[in-house]
Every structure is written in structure tokens, then in C-alpha cells.
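**Student:** The sequence isn't on hand, but the structure is:
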Ligand SMILES: [Zn+2]
């Protein structure tokens with residue numbers, strides 16, 4: 001992790017500030033600027049954690065802050081410990097501890113047992129920029145807080161980042177939602193993560209989500225969420241990746257496209273391949289169209305790659321899909337408030353009907369894909385291969401990356417789709 005100090009700026013500073021607000025400094029502004037107030041809070045935090053109070057966030061201070069981004073810490077049981085006392089010590093809720101340690105009998109705590117202790121806050125942040133790290137921390141944290149979830153990786157990115165997923169439920173009907181195929185559309189990542197947290201919490205509480213009983217969804221469906229298909233690209237766009245060979249190569253690629261802002265206009269993976277132009281659904285036609293537009297080599301967007309599925313991220317999604325039996329897929333993109341449901345003349349059974357339902361509950365427009373972007377996408381390949389409903393959902397309005405201020409409305413608009421992706425099939 002980068003060393004941060006007074007005067008630092010950016011996404012990692014947001015994470016420090018977010019962690020501090022959760023660690024006892026709720027008044028601190030999460031604005032990505034390491035100013036005097038942040039400095040005071042860091043020093044105080046260091047003192048409380050028996051670190052040298054130099055106000056510099058180096059590896060030791062990061063190590064103490066990261067639990068607040070993962071949402072939990074661990075506690076080794078000592079003589080006299082009870083769940084109640086542990087909850088008090090960490091300022092958390094006893095229910096959270098019980099939930100995270102389902103195999104531990106609170107009436108018979110064994111000295112030396114390592115317990116998960118979830119902190120008493122909602123885990124998924126919606127006011128900070130995302131990164132591969134934050135995504136992985138949250139997936140890990142949700143898995144700890146809600147041990148009835150399963151987590152895993154479907155493969156690795158160009159830079160070796162795990163493509164982490166969450167699985168909900170044990171039902172026969174398999175469903176798949178993915179987000180952030182495109183780097184600068186990373187605001188779609190917290191859409192899936194917030195849904196994950198809400199769904200898990202509803203299940204734990206025995207309550208409903210979006211009008212459906214979570215326990216019933218869990219029983220009937222196996223829902224897979226892949227919140228970040230392009231982790232390297234997201235890191236580039238949000239300023240977490242700012243040096244090294246991969247960064248320098250991306251920077252040089254971008255130099256040839258002066259009309260595309262860098263890094264904000266970057267949609268591709270870190271090697272300059274557009275991950276949603278990689279699937280074998282008339283890839284040749286996508287290539288013809290994009291070459292005609294001038295994207296004939298690695299680019300910030302719209303380069304189809306040297307062949308289908310050469311990008312490890314798209315290949316992993318392809319393999320993951322083939323290893324399952326998904327009845328319906330949602331691919332989250334931004335922007336436009338549009339639902340695309342069709343590939344060429346394929347009209348999978350009930351696909352239009354479900355699209356209309358999604359349109360109704362979200363207020364989004366239901367449209368047919370424009371010809372020039374109608375090939376080699378995940379949805380296109382899914383529909384062509386399985387003849388089942390597959391959708392591209394374009395969230396938000398404006399220019400990607402969308403401002404985080406749009407998040408609350410985006411989530412509200414999409415909750416009905418996220419639940420409906422199960423209940424409608
Ligand atoms: Zn997109």
C-alpha cells in the first residue's frame with residue numbers, strides 16, 4: 001500500500017478517512033484530501049493503537065485500518081470472556097458475533113478459540129471510489145459476516161487480481177449478475193455489493209428484500225454475483241494504479257487517443273482490450289465495425305482484441321458461465337437508464353416480458369441494441385448460446401465514470417431488477 005501523509009490526495013486517502021470514520025472519528029469528511037483534520041485523526045488513531053503517532057499512514061497503520069474496510073477483526077478467547085463482553089470491547093452487536101461464528105457455542109467458550117468480530121456498521125460504502133482491493137476486502141468481509149454465503153474466484157485479471165464472486169442460496173435455479181466489464185463504469189460494482197449486503201442481512205433477519213422473502217429466494221435460487229470483471233482497469237480509472245509497467249503501457253496507449261480523457265475515459269482492461277467485445281457472438285462483425293471506427297490496436301475502449309476470449313477476464317467469465325446452468329443473466333454497465341434485452345433476432349422465451357417488468361420497476365427504457373454495439377458482448381453471447389434471457393442494464397445518466405452522488409437513486413431504481421432477476425424466472 002502507498003504511504004500517505006499530509007497533502008496526499010485520492011482514492012486511498014478516501015479509504016483512510018472512511019476507516020477512521022468507522023474507527024471512532026465519525027465527524028471526519030471523506031473527501032480524499034489528507035488535510036489537518038485527517039492528520040489529527042491519524043495521529044490520535046496511532047496513539048490509541050500503540051503506533052508511533054507520526055501522522056504518516058505506512059504499512060503498520062494501514063494494517064490497523066484495513067479491518068475497518070473489511071468490516072471485521074478477530075479476537076482470541078481469554079479466560080472470563082463472554083460474547084457480551086467481547087461485543088462491548090469492540091463496540092459491536094452480540095448478534096453480529098453470533099452470526100459470524102455459527103459453530104461456536106456462546107455458553108461454552110473455549111480459551112484460545114479465534115472468533116470473528118464484525119464491527120457495528122454497514123460494510124458496503126457508497127461514497128468512495130472503488131478499486132480491486134476494496135472490492136476484494138468487501139467480498140471477504142461479507143463472507144465473514146454472513147457465513148452462509150460462499151465466496152470464491154473465477155480466475156485472474158491480466159495483473160493477477162482475483163476475480164472474486166459471491167454465491168447466495170442453494171436453489172436449483174442458477175442466476176448470474178456481473179458488473180464493471182468496463183473500467184470507468186465501476187459505480188456498478190457497489191450496486192451489486194450493496195445488494196449483496198442487503199440480501200444477506202434480510203436472510204439473516206428472516207425478512208423480505210424488495211417484496212420477496214429472502215429465505216424463499218435462498219431456497220429456490222443460487223445467485224452468483226461477480227461485482228468487478230475488470231479490476232485492473234478500475235484501479236487505473238480511480239487512480240489507485242499510477243505507476244509500474246502496466247500503468248506506463250496503458251498511458252502510452254492512451255497517448256494515441258487524445259480525444260479520450262485519461263484515465264477517466266478508459267473502459268478496457270489494462271492491456272487495452274474491451275472486455276465486452278471479447279465474446280464469441282459474431283465477433284468478426286464487431287471487429288469489422290470497430291476497425292472501421294479506427295480501433296485497430298489496444299485502445300482505451302472499443303478494441304476487440306486479437307481474437308475472441310484472449311483477455312483473461314472475459315475468458316474467465318465465459319468459462320464460469322459454461323460451467324453453470326444460468327437461467328438468466330444481468331450485466332451491469334453505465335450509463336443511460338436503459339435495458340437491452342435482445343441479440344439480433346433472438347428473442348428467448350419470456351425475455352421481452354421480463355424486460356418490460358424490469359422497465360416498469362426501474363423506470364428505465366427497454367430498447368433494442370444499436371447495430372454498431374450489437375456484437376461480441378456478454379449478453380449477446382449468452383442469448384445466442386443458451387437462448388435464455390440475458391440483459392445489459394445501463395445505469396445512471398451522464399458521463400462515465402458517474403459521480404457517486406447518483407448512487408442512491410441508481411440503487412433504488414435497480415433493487416426491483418435485482419430481486420426480479422430471480423423471482424421473474
Ligand atoms: Zn459498458
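**Tutor:** Now that the structure is in, tell me what you want to look at. None of the values given here were measured: they were computed from a predicted structure.
**Student:** what residues does the stretch 201-350 of the chain put near the ion?
**Tutor:** Counting by Cβ under 5 Å from the ion, the residues of the stretch 201-350 of the chain close to the ion are residue 333. Yep, even glycine has a C-beta here, placed from its N, CA and C like the rest.
**Student:** Which parts of the stretch 201-350 of the chain are helices?
**Tutor:** Ranges of helices within the stretch 201-350 of the chain are 214-220, 231-237, 245-255, 283-292, 312-322, based on DSSP state H, counting those that start in this stretch.
**Student:** Against residue 366, how distant is residue 344?
**Tutor:** Distance of residue 344 to residue 366, given as Cβ to Cβ, to the nearest Å: 17 Å.
**Student:** re earlier: any chance of the helices of the stretch 201-350 of the chain in TSV, with mean pLDDT and mean neighbour count too?
**Tutor:** Output for these, formatted as TSV (pLDDT from 0 to 100; neighbours: other Cβ atoms under 10 Å):
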stretch	mean pLDDT	mean neighbour count
helix 214-220	98	18
helix 231-237	99	31
helix 245-255	98	15
helix 283-292	98	17
helix 312-322	99	21
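**Student:** Those into a markdown table, with extra columns for distance to residue 148?
**Tutor:** Below are those laid out as a markdown table (distance: least, Cβ to Cβ, whole Å):
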| stretch | distance to residue 148 |
| --- | --- |
| helix 214-220 | 8 |
| helix 231-237 | 26 |
| helix 245-255 | 37 |
| helix 283-292 | 39 |
| helix 312-322 | 21 |
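**Student:** Neighbours of whichever residue of the stretch 301-425 of the chain sits closest to the ion, how many?
**Tutor:** For the stretch 301-425 of the chain, the residue closest to the ion is residue 333, as judged by Cβ to the ion, at 3.3 Å. Number of residues near residue 333 (other Cβ atoms under 10 Å) recorded here: 25.
**Student:** returning to that earlier point: looking at residue 344 and residue 366, which has the bigger crowd around it?
**Tutor:** Legend: neighbour count by other Cβ under 10 Å for residue 344 and residue 366, higher for residue 366 (19 against 16).
**Student:** Disregarding residues adjacent in the polypeptide, which is nearest to the more buried one?
**Tutor:** Spatial nearest neighbour of residue 366, excluding adjacent residues (Cβ to Cβ, 6 or more residues apart in numbering): residue 359 at 4.2 Å.
**Student:** So the one you found is in contact with residue 338, correct?
**Tutor:** No: counting by Cβ atoms under 8 Å, residue 359 does not reach residue 338; the two are 9.3 Å apart.
**Student:** and for the two, which residues touch both?
**Tutor:** Counting by Cβ atoms under 8 Å, 6 or more residues apart in numbering, the shared contacts of residue 359 and residue 338 are 365, 366.
**Student:** Would you map the strands across this protein?
**Tutor:** 72-76, 114-118, 150-156, 162-168, 173-179, 208-209, 212-213, 221-226, 326-334, 338-340, 365-367, 390-395 (DSSP state E).
**Student:** how about these in JSON lines, adding distance to residue 279?
**Tutor:** Compiled in JSON lines, these are given as follows (distance: least, Cβ to Cβ, whole Å):
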{"stretch": "strand 72-76", "distance to residue 279": "37"}
{"stretch": "strand 114-118", "distance to residue 279": "38"}
{"stretch": "strand 150-156", "distance to residue 279": "15"}
{"stretch": "strand 162-168", "distance to residue 279": "16"}
{"stretch": "strand 173-179", "distance to residue 279": "12"}
{"stretch": "strand 208-209", "distance to residue 279": "31"}
{"stretch": "strand 212-213", "distance to residue 279": "31"}
{"stretch": "strand 221-226", "distance to residue 279": "15"}
{"stretch": "strand 326-334", "distance to residue 279": "10"}
{"stretch": "strand 338-340", "distance to residue 279": "14"}
{"stretch": "strand 365-367", "distance to residue 279": "20"}
{"stretch": "strand 390-395", "distance to residue 279": "11"}
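**Student:** Ranking those by mean neighbour count, which comes first?
**Tutor:** Comparing those by mean neighbour count (mean count of other Cβ atoms under 10 Å), strand 390-395 ranks first with a mean of 26.
**Student:** So which other helices or strands are in contact with it?
**Tutor:** Secondary-structure packing of strand 390-395 (3 or more Cβ pairs under 8 Å, 6 or more residues apart in numbering; DSSP states H and E): strand 326-334, strand 338-340, helix 351-362, helix 378-386, helix 407-423.
**Student:** right, so of the ones you listed, which gets closest to residue 33?
**Tutor:** Comparison of the helices and strands packed on strand 390-395 against residue 33 by Cβ to Cβ identifies helix 407-423 as nearest, at 20.4 Å.
**Student:** ok, how many other residues are close to the residue of the stretch 1-150 of the chain at minimum distance from the ion?
**Tutor:** At 15.1 Å from the ion, residue 130 is the closest residue in the stretch 1-150 of the chain, using Cβ to the ion. Residue neighbour count, defined by other Cβ under 10 Å, stands at 29 for residue 130.
**Student:** shouldn't it be in contact with residue 231?
**Tutor:** No: with contact defined as Cβ under 8 Å, residue 130 does not reach residue 231; the gap is 9.4 Å.
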